[in-house]
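Undergrad: below is the structure, and that's it, no one-letter string:
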């Protein structure tokens, strides 16, 4: 049975990680239980004390999280940083025109939009990754898209890049920043001053785009693409 802690009516799921060196508390951007990660030898009581010490922050953060948004006909929906009207219309393929994202009537709206976003994300990220990789002088081994909840991108030690396809909903410059960030990891597998200098070289003036993702990322994660 998984361990749980309850603080002021907030459910906190406890996960033990053999690689964890300290306790961490995370509020998922897509909703669900708050997660407390504990080193293997840490006691549950010490974890409870740690959560209690963060109670004020936890209440504020949970209260500020947006509720789930369902992708359905008639909803206002973000695409490339712009709000569009989602409509099911008698056509054969998805079309974005004049502020309307039209999907073929009779198809499941959520999955259809999700597949369309994945394609847009792949095209945009492939272009951005290739451009930044050429500027860096290093080539990634592979690139894939996933629906990640804890990060917008990642880079493995052998040069494999991963991105969240939800970046297709963000402004293009925000997507481009995430691409530059992960490509910079091909040279520096850390967040050292040298790494951030490389990010700045690949994308000068990236700070506002990084800040946008911190402020609005949870809004992108709140969208649900169900049948």
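TA: Yep, it's here. Only a predicted model underlies this, so the values are computations on that prediction, with no experimental measurement involved.
Undergrad: from memory residue 176 sits against residue 209, does it?
TA: Yes - taking C-beta atoms under 8 Å as the definition, residue 176 is a contact partner of residue 209 at 7.4 Å. To be clear about C-beta, it is placed using only N, CA and C from the backbone, and glycine gets the same treatment.
Undergrad: pull up the overlap in contacts between these two.
TA: Contact with both residue 176 and residue 209 is made by residues residue 203, according to C-beta atoms under 8 Å, 6 or more residues apart in numbering.
Undergrad: who has more neighbours, these two?
TA: Neighbours were tallied for residue 176 and for residue 209 using other C-beta atoms under 10 Å; the higher tally belongs to residue 176 (23 against 20).
Undergrad: report the secondary structure state of that one.
TA: Classification of residue 176 by DSSP: H, G, I helix; E, B strand; the rest coil places it in helix.
Undergrad: contacting residues around it?
TA: 128, 203, 209.
Undergrad: residue ranges with poor pLDDT in this protein?
TA: 1-2, 29-32, 66-67 (pLDDT under 70).
Undergrad: show me where it has strands.
TA: Remark: strands assigned in the chain by DSSP state E are 3-7, 10-17, 24-26, 34-39, 69-70, 76-79, 82-89, 95-97, 100-104, 142-146, 153-155, 160-164, 223-224.
Undergrad: for residue 187, which of those is the nearest?
TA: Comparing the strands of the chain by their distance to residue 187 (C-beta to C-beta), the top pick is strand 153-155, with 10.0 Å.
Undergrad: contacts for that closest one?
TA: By C-beta under 8 Å, 6+ apart, the surrounding residues in contact with strand 153-155 are 140, 148, 161-164, 178-179, 181-183, 185-186, 189.
Undergrad: quick one: it to chain centroid distance?
TA: 11 Å (C-alpha atoms, centre = their mean, to the nearest Å).
Undergrad: ok, that strand: who's next to it in the sheet?
TA: strand 160-164 (antiparallel) (DSSP bridges).
Undergrad: buried stuff in the strand it pairs with?
TA: Counting neighbours by 16 or more other C-beta atoms under 10 Å, one finds that the buried residues in strand 160-164 are 161, 162, 163, 164.
Undergrad: the domain parsing of this structure - what is it?
TA: Residue ranges for the domains of the chain, per automatic domain parsing: 3-64, 108-224.
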